[in-house]
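> Got a predicted structure here, sequence first:
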Amino acid sequence: MKIAGTHSLPVPQQRAYEVLQDPVILARCMPGCDRLEKVGEDSYEMKMKMLIASISGLFDGKVRIADKTPFTSFRLIVEGTGKIGFLKGDGLLTLTPNEGGTEVRFDGDVHVGGTIASVGQRLMDTTSKMMIKRFFDKLASEVSS
Amino acid sequence: MATTTTKTETLVGKRIRRREDPRLITGTATYVDDIQLPGMNHACIVRSPHAAARIKGIDAKAALELPGVVAVFTGADTKDVGPVPCGASLPGLRVPHHYILAIDRVYFVGHPVAVVVASDRYIARDAADLIEVDYEPLPAVADPEKALAPGAPAVHPEWPDNIAFTYQQKGGDTDEAFKNAEVIVKERIVSQRLIPAAMEGRGVVADWKSGDKALTIWTSTQIPHLVRTLVALMLGVPEHHLRIIAPEVGGGFGSKLNVYAEEALMGFIAMRLAKPVKWIESRRENFTCTIHGRGHVDYLELAAKRDGTILGMKMKLIQDLGSYHQLLTPAIPTLSVLMMPGLYKFQNIHAEIVGVFTNCVPTDAYRGAGRPEATHVIERMVDILAAELKMDPAELRLLNFVDNESFPFATATGLTYDSGDYAAPLKKALDIVEYHHLREQQKEARAAGRLFGIGMSTYGEICAMGPSPATPAGGWESATVKIEPTGTVTVMTGVSPHGQGEETTFAQIAADELGVPIDDIVVQHGDTAIVQYGIGTFGSRATAVGGTALYFALQDLKKKIKLFGAMLLQSEDVTFADGVCTCNKSGKTVTLQQIAGASYRAMTLPTNTEPGMVATRFWEPPNFTFPFGAHIAVTEVDRETGDIEIKRYVAVDDCGNIINPLIVAGQIHGGVAQGLGQALFERAVYDDDGQLVSGEFMDYAVPRAHMMPWIETEHTITPSPVNPLGVKGVGEAGTIGASPAIVNSVVDALSPLGVRHIDMPMIPETIWNLIRKGAHA
Amino acid sequence: MITHNFDYKRPATLQEALGLLSDGSSKVLAGGMSLIPLMKLRLAAPECLVDIGRIADLNYIREENGAIHLGATVTHYQLENSPLLRSKCPLLSETAAHIGDPMVRNRGTLGGSVAHADPASDYPASLLALEADVVIAGASGDRTVTFADFIVETFTTVLEPGEIVREIVVPVEHSSAGYCYEKVVQPASGFAIVGIALRIRKEAGRIAEAHIGVTGLASKAFRAVAAEQALMNGSADPAAAKNAGALIADGVDANSDLYASPEYRNHLARIHGARAIAIALSRAQ
């Protein structure tokens, strides 16, 4: 599934670039992220608890940052595996200055497998967008506080 | 005990209510899941969430520690069982070894990897979640045309081109036909992947009696005897020590015309643990692991004269096989090729099949099995030709039909059509809809800007599978009729009804032949320990082949009845009718009950006659039968939304003689529903990673009652000369006729916008996009 | 399709239910039309279900002080067939009639549906158009929120752990008002690809009041404000319907699934919006 969108962060571009790669901040902002541990350069392991309404699932995940072009773009690769399925997101984040803040555009691919892929088709699009929105909303409030 | 009375009313041809139904609708039937055995374990299968992956390890420790878990088996334990058999043989066919549990690699989402056995099904399910399988995901390919592209991931590494087989069929001289053509029309037509979705999923119970060395397997199948032979081979159990029981089977539509890994796997577990075990498929498993149907991409060319005479046809058929061959997987597209000329007399065909592996569950027989695909393409191509020639599609069909004088008619594909009057159902259907008036109405509607369509299909199908040399496993069928000492009658048939109603229709046949009330007859099937070997129920064969075996067994028995009657009446000149033997001279009578009693008591016997009143026949059909018919759909498309309304649906079918019009109507209704489902809503969707995203009824739309139009059913009757009952078969007709009729109708509705073809399913958004494009053209 | 293990409790009173929910590990079970399938797919695994289905004083439809009060466990079937609703809030009856199939309507409840907050469920469109209130019961007493505030996002409401939807309050409709619930059904799930609920009041041939709720289209149901404003004070004619309908999907980031892309969904919203407005206008006196 292709996924793309634009969100704003109320900080300058360099700061936005840094917070988007800051494991402490990422851990606080990724929906359901329980723990994020550095296992190498730009490489992290993660425990996630997805909670949407009655739906809940634990995921063991990996986060990787690649193709860094400070302070304009980088790739964020997130993988998670759990009993209800697995997901892999691979997206390019592009940062441009925008009215004192930064506009972050992401273009990516989300691959989902297992039960969530085969029974959640109707809601995949809506929930992916919601999760990403939650992430950026939380991030915006983190960086502005 | 004397229940036998005489009857005079003929039952064949009457609308008799199905005798099966009371137990089905009162919940008193016995399905596999109703089988309860003392000490029975329950199995839950761990399946791959990946379409392609290497298995690096399986850790069952946590599962085995869960109280109630009895055992966990993986491919390493079961590698000597099997393989899951492919019954089809084609020259050069590549057959991957189909282990019952994956060894070191998985090939589709749902591929069985391990099995947990526990004391109840809930523990088994919980334990399945505790098994850790370490997968290394690999690239997958789910689309057959993408699988053929250079550089595509190889489904089976040993065959990097993903081609399982190619197959050519030629008849006549196609090159010459296309050289002489005045017009050639071409189209790419897709018959999408479908999920059979029987109401009851699969289920297996296995019970090993170690003292008897006897294994009994209850399985929801259409072919108990073939399952017995093949599972015996898979497990290495002597066939006479294996009993297969198909109890009540809640629908199959071809998806249970198969031998599945789970049937052998449960046998293996029962034997290994010396305890009965049950596995009941979940709906998710049914969608991802039971065979799918269709999955064609066809490239077609039709050559014709300007006057409409069709000269020849070329077809390249790309069949999505999935990752393995199930029982008949590669054979299904060959049926499409056999039927590609449809009801038309042209004699030049060239077909090429490319069977392609994909990382999907295998395709196999689904209601119609190859014939709906064939009918869909020829009926679409004839409409495309009619549009090209600006001819009326009915006229074009009438011009090209096989003539009535030509039967038996030899087709370019090597078949012999048994009997037919192909114009008759079309003319009848045209009369019912008042075709000329309807076309006038259409002109008015179009003038008013409405999108109003009239579509027809005239289908032929190949049924009553079939002469044994033309089938993978024998095409004959068997029947035994026993008249018990008290005069009641037991019919044992080798077919395996799972919704078709043979407990009623076969009883009608037997009641008429023996002159006894229908309540005196019981029809038994589906238990290999009770019923003589048989082939099973599929391919619209049960009545035409199994009913005929029954008919001949009844004739044998009637001869014996007359011998005993003559003996008891002390006369050579006796008649047997209405359940009574009458001396034509004295007028004295003996009843069937008296005769049956005498045959078992055997105080005296007629000369050269054995005691008892039992006859068994195995009947080999000399040919297939070829039912046909015409369906007309009248549709209107909402110009703003693309919604399709079926305003009228007329089905005129010719299935030869009709035993029970009520059951025939039911078969047509159900068949049309499935054809309509394919035309309008249904599609199994795998994403590029091989995930089945239409994996539940939440996203896979089978037609509901409120989506169905009123179906007007009518018949013409052209008896088949192939069998003495004159019957042809009707189980798949509705499905075969429906999809092209509906698609042709919607294409006709959109034809003012320049639309020539629409692929299925014609979901409203597809139609809306065509309307938008057409409006801007 | 086997759930995880769970406990099951069936309190007789609301107070008892609130007590059982206080530890946070339990989930409320009403009709079970969404929760049970999720549990069978193991997508949901609550430790305990608190079945509120037998709490007698949660099942009522009554008129009080100019409003209609609907207990949380009234079924879709009850709403569809209630004489009171049919005469005094017909939009809600019409909406209930579009839900699922007879089996779902017989078991599924109003409270369960709104608490689940499926973005493609039917009620949100009507409850927004009706400007309904939601009464939430909690350990510290009741609180009331507007339905618009109740729904936060896809599958997300303002319900805190331990809280239960007690009742929904809708206004008594003016007998001259026009209404309509128009739905495009996803053929597999029966949920709304788009659902549009409308209330319109005419005065002297002009539109005096217009409320439009839209479900299925976006990540949560919303009021089609631009369309409402276009209708207000305008003339009650077909052209008005068309013009306002065209505004229904304005600025909407639409959902997609196997049966409808975002672009087609928005288109359907506009077309069916105009149709719904025309029907509501024809019903208004």
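Happy to help now that I have it.

> for residue 129, what are its contacts?
Picking chain A for this. A:3, A:5, C:219, C:253 (Cβ atoms under 8 Å, 6 or more residues apart in numbering or on different chains). (Glycine included, C-beta is placed from N, CA and C.)

> Oops, wrong one, chain B.
Contacts of B:Asp129 by Cβ under 8 Å, 6+ apart are A:83, C:42.

> Where is the longest helix in chain A?
helix A:121-144 (DSSP state H).

> Surely B:Gly629 forms part of a helix?
No - going by DSSP: H, G, I helix; E, B strand; the rest coil, the assignment for B:Gly629 is strand, not a helix.

> Show me which residues of chain A are close to chain B?
A:1, A:83, A:85-86, A:111-115, A:117-119, A:121-122 (Cβ under 8 Å from any Cβ of the partner chain).

> excluding its backbone neighbours, what's nearest the residue of the stretch 101-250 of chain C found nearest chain A?
Residue nearest to chain A within the stretch 101-250 of chain C (Cβ to the nearest Cβ): C:Phe155, separated by 3.3 Å. Closest residue to C:Phe155 apart from its sequence neighbours, by Cβ to Cβ, 6 or more residues apart in numbering or on different chains: A:Ala53 at 3.3 Å.

> need the contact list for the one you found.
C:116-117, C:155-156.

> Narrow those to those in strands?
Among the contacts of A:Ala53, the residues falling in strands (DSSP state E) are C:Thr156.

> Would you mind stating the distance between the closest residue in space to C:His174 that isn't next to it in sequence and B:Ser210?
Leaving aside its sequence neighbours, C:His174 sits nearest to C:Arg201 (Cβ to Cβ, 6+ apart; 6.0 Å). Distance of C:Arg201 to B:Ser210, computed by Cβ to Cβ, to the nearest Å: 80 Å.

> more crowded one of those two?
C:Arg201 (19 against 11; other Cβ atoms under 10 Å in any protein chain shown).

> what's the longest helix in chain C?
helix C:262-283.

> So that one, near chain B or not?
Yes - counting by Cβ under 8 Å from any Cβ, chain B is contacted by helix C:262-283 at C:264, C:267-268, C:271-272.

> the strands in the stretch 451-600 of chain B, which residues?
B:451-460, B:477-483, B:489-493, B:521-524, B:574-577, B:580-583, B:589-591 (DSSP state E, counting those that start in this stretch).

> Near chain B, which residues of the stretch 151-285 of chain C are found?
C:184, C:186-189, C:257-261, C:264, C:267-268, C:271-272.

> Counting neighbours, which of the residues you listed comes out on top?
C:Leu268 (28 neighbours).

> which non-adjacent residue is nearest B:Cys86?
B:His325 (3.8 Å).

> Tell me how many other residues crowd the one you found.
So B:His325, with other Cβ under 10 Å, has 29 neighbours.

> quick one: contacts for it?
B:86, B:88, B:93, B:95-96, B:98, B:164, B:362 are the contacts of B:His325 under Cβ under 8 Å, 6+ apart.

> remind me which residues of chain B are low pLDDT?
B:1-8, B:775-777 (pLDDT under 70).

> let's see it at 90
B:1-9, B:82, B:465-466, B:470-473, B:774-777 (pLDDT under 90).

> State which one residue of chain A is found closest to chain B.
For chain A, Cβ to the nearest Cβ, closest residue to chain B: A:Ser118, 2.4 Å.

> pLDDT score for that residue?
Note for A:Ser118: predicted pLDDT of 81.

> I'd assumed it was in a helix, is it?
Yes - applying three-state DSSP, one finds A:Ser118 inside a helix.

> With B:Asn286 as the reference, measure out to it.
Counting by Cβ to Cβ, the gap from A:Ser118 to B:Asn286 is 12 Å.

> Which stretches in the chain count as helices?
Reading this off chain A. A:13-19, A:23-29, A:115-119, A:121-144.

> Let me rephrase: I mean chain C.
Using DSSP H, helices in chain C cover C:14-21, C:35-40, C:76-81, C:83-88, C:90-97, C:102-107, C:110-116, C:123-129, C:147-150, C:225-231, C:238-245, C:262-283.

> if I look at the closest residue to B:Asp120 other than its chain neighbours, how far off is chain A?
Using Cβ to Cβ, 6+ apart and skipping residues adjacent in sequence, the residue nearest B:Asp120 is B:His42, 5.7 Å away. Distance, B:His42 to chain A, using Cβ to the nearest Cβ, to the nearest Å: 20 Å.

> now the helix or strand where B:His42 lies: how far from the chain's centre is it?
B:His42 belongs to strand B:41-47 when elements are defined using DSSP states H and E. Strand B:41-47 sits 28 Å away from the centroid of its parent chain (Cα atoms, centre = their mean, to the nearest Å).

> Please name every helix or strand in contact with it.
strand B:112-118, helix B:121-130, helix B:261-273, strand B:277-280, helix B:283-289 (3 or more Cβ pairs under 8 Å, 6 or more residues apart in numbering or on different chains; DSSP states H and E).

> Nearest to B:Ser720, out of these?
helix B:261-273 (34.4 Å; Cβ to Cβ).

> if we can go back for a sec, just the ones of the contacts of A:Lys129 in strands?
Those of those lying in strands (DSSP E): A:3, A:5.

> What is the burial count for the residue nearest to B:Asp120?
23.

> before we move on, what about B:Gly666?
Around B:Gly666 there are 18 residues (other Cβ under 10 Å).

> distance of whatever residue of the stretch 651-777 of chain B ends up closest to chain C from chain A?
Relative to chain C, the nearest point of the stretch 651-777 of chain B is B:Ala701 (3.7 Å; Cβ to the nearest Cβ). Note on B:Ala701: its distance to chain A, by Cβ to the nearest Cβ, is 12 Å.

> helix, strand or coil for that residue?
coil.

> Need phi/psi at it.
phi -100, psi 100 (degrees, to the nearest 10).

> still on that earlier bit, ok, the residue nearest to B:Asp120 to B:Tyr260 distance?
In terms of Cβ to Cβ, B:His42 sits 18 Å off from B:Tyr260.

> Residue of the stretch 451-600 of chain B closest to chain C, please.
For the stretch 451-600 of chain B, Cβ to the nearest Cβ, closest residue to chain C: B:Leu451, 14.9 Å.

> and if you look at chain A?
Closest point on chain A to chain C, by Cβ to the nearest Cβ, is A:Ala53, at 3.3 Å.

> Next, work out how far apart that residue and C:Arg143 are.
20 Å.

> check contacts around C:Ala236.
C:200, C:202, C:205-207, C:281, C:284.

> Low-confidence bits of the stretch 51-200 of chain C, can you list those?
C:153-155, C:161, C:174-175.

> Get me the contact residues on it for chain A.
Residues of the stretch 51-200 of chain C lying near chain A (Cβ under 8 Å from any Cβ): C:116-117, C:119-120, C:153-156, C:186, C:189, C:191.

> now that we have these, which one has the most neighbours?
For these, neighbours tallied by other Cβ under 10 Å; top is C:Pro119, 25 neighbours.

> distance of the residue of chain A closest to chain C from C:Ala44?
8 Å.

> go on, B:Val249?
33 Å.

> Who has more neighbours out of the two?
Ranked by neighbour count (other Cβ under 10 Å), B:Val249 and C:Ala44 place B:Val249 first, with 26 against 23.

> and that one, what does it touch?
Contacts of B:Val249 (Cβ under 8 Å, 6+ apart): B:31, B:200, B:220-222, B:256, B:496-499, B:526.

> repeat for B:Asn660
So B:Asn660 contacts B:12-16, B:501, B:504-505, B:508 (Cβ under 8 Å, 6+ apart).

> Alright, calling it a day.
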